[in-house]
Structure formats: C-alpha cells, structure tokens
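Peer 1: what's the 3D shape of this:
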Amino acid sequence: MENSSTVLLCVTKLREEERRIMDYLSRLGIRVQVNLDSMELPVGASDVPSFGVALIRCLSQKNAISRTQLLELAGLETLNSGKAITICTNKIHQAIVFDKHGIPQPRFQVVFTPAKLFDALQKFGDLCVIKPATSSWGRGIARVTGKECLEGWIAARESVDPSHQSFPVLVQEYVEKGDHDIRVVIVGRKPIVAFRRVSAENWKTNTHLGAEIEPIEINREIASICGDLVAVLGKGIYGADLFFDYQKLCYVVCEVNQNPEFAKSWKIHGVDVAHHIAEYVKEKIDTKIKVNVTV
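Peer 2: Have a look, this model is predicted:
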C-alpha cells in the first residue's frame, strides 16, 4: 500500500501540540495529511486504505465522535478508538462504565430532573458537584453548598434551559482534594508523566483557569489505576485526572480526557508528550504494515 505510512490528522485547527506531533512524525518518516473539521472525510472505498491510521485531535467533542464513527465504519483505525472517545466525552458514560469495572471514583448519582437534585444533595451531605454530561475546561461545573445554593443553580439553569434539555446531569460527592488535582498523561498503555495542577484561588484546578504545574513521580497506586483505565478504555492517548482523597487517603478518578493538551505543561515537567505520541502512532502503523505484508 503506497501510502499506508500516512497519518490522517483530524483537527479543528493546528495548535502548538499538533505541529509538534507533525514535526516528530516527519522525522520518523511518517507522512501527515491534515483534515480540518470543515473538510470532507476520505471515507470512500478507494480512500481509506491509503491511510495507516487516523489521529483524532478535534476540539469539538461532537466532531471527534462523528468523524471517528465515519472513519471506523469505513475501515480505518482511529486514535483514540470510537469506543474510548464516546466514553470519555460524556461524564455520565464515564461514571457508569468506571463503576461497572470497579475504577475508584467519587460517589455519584445520575439525576434526570431538577427536583431529584435535592435528593442527591441530601445524599452527599449538603455538599456536591454538579456536572453537565458534556463539557470541557471546567465549563458548567458547579459546587453546590446547601439547599439555597441549589435553588439558585436551578433558577439560573431554568432561565437558559426552561425545558431542561441539559438533563440528565452527573452529581458527585465533593472530594476533599486540597488545592490540587493530578493529571496523568497516558500514551499507549503507559503513564508517561504525572503532575499536580495547583490553584490556591479556585477549587477547579484546570490549567485554563490558572492552575500551576508541579511534576510528581508516578507511584505504584497511580500506575495501577492507569493500568485499570487502559484495560477498560483500550490503549490510547489520555489525560487522566485524579484526586487524592484526604479523608479516605486514596486516589480516585475524577475523569479522563481523550484529547489531552500539553503545550503549557510539558515545558515545565520536561516530558515531551508530542514525541511519545508520534512514536505510538509509528508503532501502530508499523504493526499494520507488518500484518498486511504477512497476509
């Protein structure tokens, strides 16, 4: 296959992360064809065999899912898989799947109506976190501290969503995690780097909201959780967000991101995530070429 060493890179736009991945792929002898969200996908019978793999880096979760589904239906392997992207882009899906497989996570309840939120709040001791099923960068996530706070949240939601189309939502217990969470980047099946995201100003510790980066070692417990996540989701490229629960003295999984960003963090922890991703893509392509030659 003449172009089986070509990667189809699906992106919303070429950010620093994607440019670095492309640079490393080029050094490894892998050609890259960029496919923007606005472009047609090569899903015809004569198109797909020309690509070794598709790397999905769309910013839009909706586009990531839809384009992955089409490519997989056409017979092209995607990174990450459609199954992994579908689970990771929906916080409710994640909670249900992780619960099924015994992944440690905060206690949760899926709530289908505003009235039921009061039961969930009471269940978690008048302190909980409400999350929309789909969101990123901490958008729409609220910490609720009592009945009056919840009434205010419901009133605000009803003003923009009177028919409650945003339900069901995920309600989690609030975990006493200190001033940080932990991001672990997984490539393939291996956790390649871990770091704290620290914020003294905001209980949400996203780097987009100003959290600082502090590298940490990957200890046995963190490595074990990452292994369990890969066993559930399959090998891929993930940003696993963990809390250390200071009351239970153990790690729990907050959520897993299927398209981790690293432009800011890698310059501090020093692990070149783009290089690891490029090597992983090459490994997948080499395996496919070997299989095709054998057949």
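Peer 1: So which bits of stretch 217-229 are buried?
Peer 2: For stretch 217-229, a neighbour-count test (16 or more other CB atoms under 10 Å) marks 222, 225-226, 228-229 as buried. C-beta here means a position set from N, CA and C on the backbone, and glycine is covered the same way.
Peer 1: tell me the average confidence for it?
Peer 2: Mean per-residue pLDDT for stretch 217-229: 98.
Peer 1: ok now that stretch, how far from the chain's centre?
Peer 2: 17 Å (CA atoms, centre = their mean, to the nearest Å).
Peer 1: just stretch 161-175 next, same as before
Peer 2: With CA atoms, centre = their mean as the basis, the mean position of stretch 161-175 lies at 19 Å from the chain mean.
Peer 1: Start and end of it, how far apart?
Peer 2: Stretch 161-175 has an end-to-end distance of 28 Å (criterion: CA to CA, to the nearest Å).
Peer 1: mind starting the numbering at 11 from now?
Peer 2: Noted, 11 is the first residue going forward, which turns the last one into stretch 171-185.
Peer 1: all helices for the stretch 61-210 of the chain, in order.
Peer 2: 71-83, 92-98, 101-110, 126-133, 157-170 (DSSP state H, counting those that start in this stretch).
Peer 1: just the buried residues of stretch 227-239 now: which is nearest residue 278?
Peer 2: Nearest to residue 278, judged by CB to CB, of those is residue 232 at 18.4 Å.
Peer 1: List the contacts of that closest one.
Peer 2: 192, 194, 201, 204, 252, 261 (CB atoms under 8 Å, 6 or more residues apart in numbering).
Peer 1: Of those residues, which belong to strands?
Peer 2: For these, the ones inside strands are 192, 194, 201, 204, 252, 261, with DSSP state E as the criterion.
Peer 1: Can you pick out the most distant pair from the residues you listed?
Peer 2: Longest span within these, CB to CB: 201 and 261, 12.3 Å.
Peer 1: Output stretch 198-216 in CSV with nothing but the alpha carbons.
Peer 2: Extracted C-alpha coordinates of stretch 198-216, given in CSV (Å, rounded to 0.1, in the frame of the first residue of the first chain):
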residue,chain,number,x,y,z
GLY,A,198,-0.4,3.6,24.5
ARG,A,199,-0.8,1.7,27.8
LYS,A,200,1.9,3.6,29.7
PRO,A,201,1.6,6.6,32.0
ILE,A,202,4.4,8.8,30.8
VAL,A,203,4.2,11.8,33.2
ALA,A,204,2.2,13.0,36.2
PHE,A,205,1.9,16.4,37.7
ARG,A,206,-0.2,18.4,40.2
ARG,A,207,-2.4,21.2,38.9
VAL,A,208,-2.4,23.6,41.8
SER,A,209,-4.6,26.5,42.4
ALA,A,210,-4.9,28.5,45.7
GLU,A,211,-7.7,30.7,44.2
ASN,A,212,-10.1,28.3,42.6
TRP,A,213,-11.4,24.9,43.7
LYS,A,214,-11.4,23.9,40.0
THR,A,215,-7.8,23.3,39.1
ASN,A,216,-7.8,23.4,35.3
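Peer 1: Buried ones in it, by neighbour count?
Peer 2: 198, 201-209, 214-216.
Peer 1: do stretch 79-92 as well
Peer 2: Buried residues in stretch 79-92, defined by neighbour count with 16+ other CB under 10 Å: 80-82, 84, 86-92.
Peer 1: As TSV, the residues you listed with distance to residue 270 would be great.
Peer 2: Below are the buried residues of stretch 79-92 laid out as TSV (distance: CB to CB, whole Å):
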residue	distance to residue 270
80	23
81	20
82	21
84	26
86	22
87	20
88	16
89	13
90	11
91	16
92	18
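Peer 1: about what we covered before: columns pLDDT and distance to residue 115 on top of the contacts of residue 232, output as CSV?
Peer 2: Formatted as CSV, the contacts of residue 232 follow (pLDDT from 0 to 100; distance: CB to CB, whole Å):
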residue, pLDDT, distance to residue 115
192, 97, 14
194, 98, 14
201, 98, 17
204, 98, 18
252, 97, 10
261, 97, 10
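Peer 1: and of those residues, the nearest to residue 181?
Peer 2: residue 252 (19.7 Å).
Peer 1: domains for the chain, by residue range?
Peer 2: Following the TED database, one gets these domains for the chain: 16-97+286-304, 117-183, 186-280.
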